[in-house]
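> sequence isn't available, so here's the structure alone:
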């Protein structure tokens, strides 16, 4: 069972972050510094060797998160338990989660 903003998607590009969720969309421009920091974290996040699914995302209604990094070399995606830790991607996850929380707080 889900109540509230159950499903959301945060897409980050060079110029803006777009948070789409059931019931709406929030757009927020990114500063050059924010983009530089986020792109640097993404470039330093190596998902190689990780399985596409870590743990048991959304088992027993626990929720699921996923991370997709797109670069000139292609893309890599992983799914994991909501709020879970992924040591290889933790710095990027923490920064993206903070941005998502800030955007929801302003809505």
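It's in. Nothing here was measured: the structure is a model prediction, and the numbers come from that model.

> and the pLDDT at residue 2?
At residue 2, the model reports a pLDDT of 57.

> for residue 107, same thing?
Residue 107 is given a pLDDT of 68.

> same check, this time on residue 91
pLDDT at residue 91 comes out at 96.

> got the contact list for the residue nearest to it when sequence neighbours are not counted?
Using CB to CB, 6 or more residues apart in numbering and skipping the chain neighbours, the partner closest in space to residue 91 is residue 41 (5.5 Å). No exception for glycine: its C-beta is placed from N, CA and C like everyone else's. Contacts for residue 41 were tallied using CB atoms under 8 Å, 6 or more residues apart in numbering; they are 91-92, 95.

> tabulate the residues you listed (CSV), appending secondary structure and distance to residue 22.
As requested, these are exported to CSV (DSSP: H, G, I helix; E, B strand; the rest coil; distance: CB to CB, whole Å):
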residue, secondary structure, distance to residue 22
91, helix, 29
92, helix, 25
95, helix, 24
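
> buried subset of those residues?
With neighbours counted by 16 or more other CB atoms under 10 Å, the contacts of residue 41 contain buried members at 92, 95.

> between the contacts of residue 41, which is closest to residue 25?
Each of those was scored against residue 25 by CB to CB, and residue 95 proved nearest at 21.0 Å.

> distance of the closest one from residue 82?
17 Å (CB to CB, to the nearest Å).

> okay, the contacts of residue 41 in CSV with distance to residue 37 next?
Shown next, in CSV, are the contacts of residue 41 (distance: CB to CB, whole Å):
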residue, distance to residue 37
91, 10
92, 10
95, 7
